[in-house]
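Novice: sharing a model prediction with you, sequence too.
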Amino acid sequence: MWTRVASFVSFALMAVAAWPSESVAQRRLPPPNKEVLQYSFAPVVKKTAAAVVNVYARGRVQVRQSPFADDPFFRQFFGNRFGVPQERMQNSLGSGVIVSPTGIVVTNTHVVKVGGAAEIKVVLADKREFDARVVVQDEKADIAVLQIEGGDGKFSFLEFEDSDALEVGDLVLAIGNPFGVGQTVTQGIISALTRTEIGKSDAQVFIQTDAAINPGNSGGALVDMNGRLVGINTAIYSQSGGSHGIGFAIPANLVKLYVDSAVSGRKVARPWLGARLEPVSRDIADALGLERAAGAVVARVQKASPAADAGLLVGDVITSVDGTEVADARAVTYRLTTRGIGTTARLQVVRKGRPATVDMALTAAPEPGRDDVRNLAGQHPFDGVRVSNILPGVADELGLEEDQGVVIVSLKPDGIAANLGFQPGDVILGLRGKPIENVAGLEALLKDRPATWQIEFKRQGRVMQVQIRG
């Protein structure tokens, strides 16, 4: 099972080895004899420990008494029959890393997303305590950037390292507060890079390490032997809740995008590809004459998109981005995201069995206009729901196959639509037997008060229907 590593909080000390001033190649070699093993991580621990902090979040959450109450499948058929949810205070404890002398802290979204986290506190290694506020957060990427309130603007901080420069076998240290026991440093190696299989969304790519990571480490630091930040610890693979030597961290290059966003005040913009990518199965690999079942096959290209402008074709298999091999579609998205808007990425593809190169300009998706988004309100099933016309950027973000129609962007957790089982990403196809083409058409149909609401929608490729009494 996958276990989030946020729970108790405290901080974790970090250590880095003091290596002799030799070439990089020499430093990567195993020590020739046991005498060389006398080096200690202590010097870098002393240098970097003050930048690792505890993050405490407290907020109100709604709890239903039935274990099925929050299951969308059951709510779709039984509505709110499980009773009115009860409110209670919930605490979340995790770790964080200061990455700026002005008090910018990086942690995981799941550490601070507690009923909206009405109260967030950061406790430094020297026991000083500060209030903090969320500046940027992305639930899909599980990254949150906080700003410490107050202080002298001279906080100890860690600098970012280029996480793409890591190699399997490199030594790293994990810093966190396992099980709330206090500052702890564990040591291991990079076990794998660009892990995508465990993520819940296309935005999640991980570094794998065997450094012991346990509950309480969420938001803590993964550092290299130079004491620089290479990742933010976020999850472990465990059947017992403890470390089994399989831990995961968000790469520093991705984290840095969110820190830059917090500093600049601009939204994190992911490049718009304008193409639907699918995994390369063994059958597809054999049919295309590929040696390995790796990469991403282009299943669809939107008109007037960056992919179309670059000449990407349906059936192309993307095998690498800027010379770095990609295992699947998520790896492609990660490489393009960290490449950045305003640059050009070189895609190596296999086209009809032959290698080809595609240079694609990376641009942001067009922003929705005022007429494309609606916050619905009224005496109807979609009260409190935010909907949008399906635009290229919206389709990319939500992973939709459609390029037109209306999609649910967000909804009130305790609203009618949520109780009926609707979710963000659901595409509204029809209402009362009439097709829905845009938000204006949906609004017009919602003005009536029928005896029964018949709603047709699509979720993850499946068309579903629900009927509700008016």
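Specialist: Yes, it's here. Numbers count the residues shown, from 1 in each chain.
Novice: go ahead and flag the most central residue of the protein.
Specialist: By C-alpha atoms, centre = their mean, the chain has its centre lying nearest to Ala141, at 1.1 Å.
Novice: test my guess that it contacts Ile250.
Specialist: Yes. In this structure Ala141 lies within contact range of Ile250 using C-beta atoms under 8 Å: 7.1 Å. The way it works is simple: take the backbone N, C-alpha and C, and place the C-beta from them, glycine included.
Novice: next SSE after the top helix by length along the chain?
Specialist: With secondary structure taken from DSSP state H, the chain has its longest helix at helix 252-264. Helices and strands here follow DSSP states H and E; after helix 252-264, the next one along the chain is strand 275-279.
Novice: so where's this protein uncertain?
Specialist: 1-38, 59-92, 114-118, 178-180, 197-203, 235-245, 393, 395-404, 470 (pLDDT under 70).
Novice: from the chain's centre, how far out does the strand or helix carrying Val172 sit?
Specialist: Secondary structure assignment for Val172, by DSSP H and E: strand 171-176. In terms of C-alpha atoms, centre = their mean, to the nearest Å, the centre of strand 171-176 is set 21 Å apart from its chain centre.
Novice: whichever helix or strand comes after it packs against which elements?
Specialist: Per DSSP H and E, the first helix or strand lying C-terminal to strand 171-176 is strand 184-195. Strand 184-195 sits against strand 171-176, strand 206-209, strand 247-251, with contacts defined as 3 or more C-beta pairs under 8 Å, 6 or more residues apart in numbering; DSSP states H and E.
Novice: break the chain down into its structural domains.
Specialist: 1-266, 275-361, 370-469 (automatic domain parsing).
Novice: and the nearest residue to Glu129 once chain neighbours are set aside, how many neighbours?
Specialist: Spatial nearest neighbour of Glu129, excluding adjacent residues (C-beta to C-beta, 6 or more residues apart in numbering): Val123 at 5.0 Å. Neighbours of Val123 under the rule other C-beta atoms under 10 Å: 17.
Novice: stretch 134-143 spans what distance, first to last residue?
Specialist: 11 Å (C-alpha to C-alpha, to the nearest Å).
Novice: what does stretch 311-330 give?
Specialist: 21 Å.
Novice: so which bits of it are buried?
Specialist: Under the neighbour-count criterion of 16 or more other C-beta atoms under 10 Å, stretch 311-330 has 312-313, 316-321, 326-330 buried.
Novice: one more: stretch 451-464?
Specialist: Across stretch 451-464, burial judged by 16+ other C-beta under 10 Å covers 453, 455-458.
Novice: hang on, the earlier thing: helix or strand: which one has the residue nearest to the centre of the chain?
Specialist: Assigned by DSSP H and E, Ala141 falls outside every helix and strand.
Novice: where exactly do the helices run in the stretch 201-350 of the chain?
Specialist: Along the stretch 201-350 of the chain, counting by DSSP state H, counting those that start in this stretch, helices occupy 252-264, 282-288, 306-310, 329-339.
Novice: contact partners of the third one?
Specialist: Think helix 306-310. With contacts defined as C-beta atoms under 8 Å, 6 or more residues apart in numbering, helix 306-310 is touched by 271-275, 298, 301-302, 347, 358-363.
Novice: contacting residues around stretch 432-439?
Specialist: Contacts for stretch 432-439 (C-beta under 8 Å, 6+ apart): 371-374, 387-389, 404-406, 428-430, 442, 445, 448, 450, 453-454.
Novice: quick one, which of the residues you listed are buried?
Specialist: Buried, going by 16+ other C-beta under 10 Å: 372-374, 387-389, 405-406, 428-430, 442, 453, out of the contacts of stretch 432-439.
Novice: sitting in strands, which of those do you find?
Specialist: 373-374, 387-389, 406, 428-430, 453 (DSSP state E).
Novice: can you tell me how far Ser261 is from Glu139?
Specialist: From Ser261 over to Glu139 the distance is 15 Å, taken as C-beta to C-beta, to the nearest Å.
Novice: between those two, who's got more neighbours?
Specialist: Of the pair Ser261 and Glu139, Ser261 is the one with more neighbours under other C-beta under 10 Å, namely 18 against 14.
Novice: which residues sit in contact with the nearest residue to the more buried one once chain neighbours are set aside?
Specialist: Spatially, and ignoring its direct neighbours in sequence, Ser261 is nearest to Val268 (4.6 Å; C-beta to C-beta, 6+ apart). Residues near Val268 by C-beta under 8 Å, 6+ apart: 136, 138, 257-258, 261.
Novice: which one (most neighbours) among the residues you listed?
Specialist: Val136 (23 neighbours).
Novice: who's in contact with it?
Specialist: Val136 neighbours (C-beta under 8 Å, 6+ apart): 143-145, 258, 261-262, 268.
Novice: that one falls within a helix, correct?
Specialist: No. Val136 is assigned strand when assessed by DSSP: H, G, I helix; E, B strand; the rest coil, not a helix.
Novice: look up how far Val259 lies from it.
Specialist: 8 Å.
Novice: between these two, what contacts are shared?
Specialist: Val145.
Novice: ok, of the contacts of helix 306-310, which come out buried?
Specialist: 271-275, 298, 301-302, 347, 358, 360, 362-363.
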